[in-house]
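J.: quick one, structure for this:
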Amino acid sequence: MHPIHPMVVHFPIALLITSVVFDLLSTRWRHKSFQDAGFYTLIAGLLGAAIAVLTGAMAEELAEDKGIPESVLEIHEALGYATLLFFIGLLALRLLMRWKLISERPALYLAMGVAGIVILSAAGYFGGSLVYDFGAGVSMPVQ
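T.: Numbers count the residues shown, from 1 in each chain. Okay, the predicted model is just below:
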């Protein structure tokens, strides 16, 4: 199977981080366009994250067969799921505020967004470690 996971992970990483940046900008400049951009990049980032988690699950077996330590795979996998679930929670909070079911809490939202970026960054770090330290998805040249 072609390694699709490394092709798709960059999109949710960029989109989820950009979403939080737009939300930060919206607290400084109260333009609705920043809030809308943050909202839509969050949704696109979550769709990408779901695809990344799905393709990561498919790539896991190939990595295990290559002899990559299962402990590193499990950490990366857990952080991937945690990232997805955390940003789903962030979307839920955003929708509750958008629908006026709870009052606006920009400081809470931004703090959660930054925490989500930390989890996302840790997942990316361990994913990079799988590739660069253990050779996951890397084909050895034929000699």
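J.: so where's the chain uncertain?
T.: 1-2, 140-143 (pLDDT under 70).
J.: if we go to 90?
T.: Residue ranges of the chain with pLDDT under 90: 1-3, 29-32, 60-67, 104, 135-143.
J.: ok, and for the helix of greatest length in it, which residues are buried?
T.: Secondary structure assigned by DSSP state H gives helix 32-65 as the longest helix of the chain. If you call a residue buried by 16 or more other Cβ atoms under 10 Å, then helix 32-65 has these buried ones: 34-35, 37-39, 41-42, 44-46, 48-49, 51-53, 55-56, 59-60, 63. (Glycine included, C-beta is placed from N, CA and C.)
J.: cool, and stretch 75-86?
T.: Applying 16+ other Cβ under 10 Å to stretch 75-86 flags 75, 76, 77, 79, 80, 83, 84, 86 as buried.
J.: for residue 66, grab phi and psi.
T.: The phi/psi pair for residue 66 (degrees, to the nearest 10) reads phi -80, psi -10.
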